[in-house]
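Asker: take this sequence and fold it.
(one chain, ligands or ions: 1)
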Amino acid sequence: IKNIGLFTSGGDAPGMNAAIRAVIRTALFHDVEVTGIRRGYEGMINGDFFPMGRRSVSNIMQRGGTILKTARSAQFRRPEGRQAAYEQVKKFNVDALIAIGGDGTFRGAKAFNEEFGIPVIGLPGTIDNDLVGTDFTIGYDTAINTVINAVDKIRDTAESHDRLFIVEVMGRDSGMIAWRTGMATGAEGIIIPDANIGVDKLFDRLENGRKNKTSRIVIVSECEGEEGGAFEIGRQVKEKFPHLDTRVSILGHIQRGGSPTCMDRVLACRLGAAAVEALLEGYKCDMAGIINNNVVFTPFERAIKHNSEIDPSLLRIVEMLSL
Ligand code: ATP
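Answerer: Purely as a prediction, here's the structure:
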């Protein structure tokens, strides 16, 4: 392998830049060139390729977002789009790819590898922490720290006004951000509709739980499911418990930004280096991940299986500690 094409795709996540840096520095160490591809699969189709050197990644480790930009590409979902991308890959003499993104990105990578035989290694870059084959994804630790900082601030005002706050956090179809931040902020309730953790428990708690609580925080995982998000839950709580002063807060995109934590930077460095060395060792269609603090490779086929299971014993602890 002489020239690795590198891109970020799907939702951005803090730590993507640290991963880009690790890939480039490791490749150069092994005398392999790196070609950056801007805006994920969209840039691949449009031929937005450029050579990257050691200096091109100076001073980016601590920056959120991705210097390579990211995009979602409808074209790449179709065989004609992938054919157009392959023409560009050939034109720029790229003979392997490293993709930083989430499960959608790996679905695309798997199709591309199957159709054209180009080896692709994936790095899990998503705040959602919802992939099989890694205990943590790059960006998750930063996102959950952003959430607990925000919720701590909300707790101050909730406490001062004796309010109940419904706080919506990200995680389209995964409650990974919700459960961990719920535990870390002492939330009185967690609602993760996709895991069937609905409003019933919260209602029961508000009806029969300790009455002299001065503030309450309920963490809700965003979703397009039946519960209808934080505003709908807030409406139901107000209707059923009119004596409570209930407010809704949507944390939104602040969860995707900011300087990556030490944990995310180290994860990105380790996985970025591992991805390059895996290509040199002959891996072709796998995601690099971390399990029990060891780097492991999982075929895309398995990595794209959604992992949103939450151990019920963890939720029990959340409940017990906030009684
Ligand atoms: P995140 O989890 O942060 O949203 P993601 O990688 O899952 O990241 P997606 O938008 O789902 O984000 O996927 C990124 C891109 O991968 C899509 O815009 C599309 O171009 C490509 N892609 C997704 N699924 C497929 C598929 N089944 N076949 C081909 N390409 C795909």
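
Asker: now the helices for the protein?
Answerer: Here the chain has its helices, by DSSP state H, at 16-29, 40-46, 79-91, 103-116, 140-161, 176-184, 199-208, 229-240, 262-281, 300-303, 312-321.

Asker: how about those, which one is nearest the ligand?
Answerer: helix 103-116 (2.0 Å; Cβ to the nearest ligand atom). Bear in mind the C-beta positions are built from the backbone N, C-alpha and C, glycine included.

Asker: quick one: low-confidence residue ranges for the stretch 51-200 of the chain.
Answerer: Scanning the stretch 51-200 of the chain for pLDDT under 70 picks out 194.

Asker: up against the ligand, what does it have?
Answerer: Counting by Cβ under 6 Å from any ligand atom, the residues of the stretch 51-200 of the chain close to the ligand are 72-73, 76-77, 101-105, 107-108, 111, 126, 128.

Asker: of those, which pair is most distant in space?
Answerer: Based on Cβ to Cβ, the longest span within these runs between Ala111 and Asp128 and measures 21.4 Å.

Asker: in CSV: the helices of the chain, plus mean neighbour count.
Answerer: Output for those, formatted as CSV (neighbours: other Cβ atoms under 10 Å):
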stretch, mean neighbour count
helix 16-29, 24
helix 40-46, 25
helix 79-91, 16
helix 103-116, 20
helix 140-161, 19
helix 176-184, 25
helix 199-208, 15
helix 229-240, 17
helix 262-281, 21
helix 300-303, 19
helix 312-321, 13
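
Asker: so which of those comes closest to Asn294?
Answerer: Evaluated over these, closeness to Asn294 peaks at helix 262-281, with 9.8 Å, by Cβ to Cβ.

Asker: give me the distance from the closest one to the chain's centre.
Answerer: Here helix 262-281 is found 17 Å from its chain centre; the criterion is Cα atoms, centre = their mean, to the nearest Å.

Asker: just want the angle from that helix to helix 16-29.
Answerer: 40 degrees (axes from the mean of the first three to the mean of the last three Cα atoms, to 10 degrees).

Asker: can you get me a residue count around Ser174?
Answerer: Ser174 has 25 neighbouring residues, counting by other Cβ atoms under 10 Å.

Asker: distance of Ser56 from Leu131?
Answerer: Distance, Ser56 to Leu131, using Cβ to Cβ, to the nearest Å: 28 Å.

Asker: more neighbours: those two, which one.
Answerer: Neighbour comparison, Ser56 and Leu131: the larger count goes to Leu131, with 26 against 15 (by other Cβ under 10 Å).

Asker: and that one, what does it touch?
Answerer: Gly102, Asp103, Phe106, Pro124, Thr137, Met287, Gly289, Ala303, Ile304, Asn307 (Cβ atoms under 8 Å, 6 or more residues apart in numbering).

Asker: ok, and the closest non-adjacent residue to it?
Answerer: Pro124 (5.0 Å; Cβ to Cβ, 6 or more residues apart in numbering).

Asker: the one you found touches Ala274, doesn't it?
Answerer: No: judged on Cβ atoms under 8 Å, Pro124 makes no contact with Ala274 at a distance of 11.7 Å.

Asker: shared neighbours, those two?
Answerer: Common neighbours of Pro124 and Ala274, using Cβ under 8 Å, 6+ apart, are Ala288.

Asker: many thanks, have a good one.
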